[in-house]
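Enquirer: No sequence on hand, only this structure:
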């Protein structure tokens, strides 16, 4: 199997030794995204709704670069700092998966990179 790295300037550059996403076989593995704006480098953590939407915009940019969209996502992993944000995150996240939402888990963690409140990764199929 061939491993192909997919990166785009429309999403924030990785903040460590990893790729934005990797294609292998017919699967795209998208690394955890946080609410960094690609253009400005600004971190959006003012409110959890705005933060979640920025994370999903970053994922969308990566999917688009790979020729995919949210309809091809089969699995998401969501990491949150505060489980009390569960419903608010669900409302924002759900706007990207109208039909046949992917499998997923949402877990509370003690810390996330750059002290963000939410990080989301996903797996999509070609």
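Expert: Arrived safely. It should be emphasised that the depicted structure is a prediction, and the values quoted were computed from it without experimental measurement.

Enquirer: what about the strands in this protein?
Expert: For the chain, the strands defined by DSSP state E occupy 3-6, 21-24, 27-33, 73-80, 103-108, 118-125.

Enquirer: Residue 40 is nearest to which of these?
Expert: Distance to residue 40, taken as C-beta to C-beta, is lowest for strand 27-33 among the strands of the chain, at 15.8 Å. Heads up, the C-betas are built off the backbone N, CA and C, glycines and all.

Enquirer: partners of the closest one, with directions?
Expert: The strands that strand 27-33 pairs with in its sheet are strand 21-24 (antiparallel), strand 118-125 (antiparallel) (by DSSP bridges).

Enquirer: Using CSV, lay out the ones you listed together with mean pLDDT.
Expert: Shown next, in CSV, are the strands paired with strand 27-33 (pLDDT from 0 to 100):
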stretch, mean pLDDT
strand 21-24, 98
strand 118-125, 98
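
Enquirer: Most tightly packed of these?
Expert: Among the strands paired with strand 27-33, strand 118-125 has the highest mean neighbour count (mean count of other C-beta atoms under 10 Å), at a mean of 21.

Enquirer: now what about that strand, what contacts it?
Expert: Residues from elsewhere that reach strand 118-125 (C-beta atoms under 8 Å, 6 or more residues apart in numbering): 26-35, 48, 51-52, 55-56, 59, 63, 66, 68, 72-81, 85, 89, 93, 102, 112-113.

Enquirer: show me where pLDDT drops low in the protein?
Expert: Within the chain, the set of residues satisfying pLDDT under 70 is empty.
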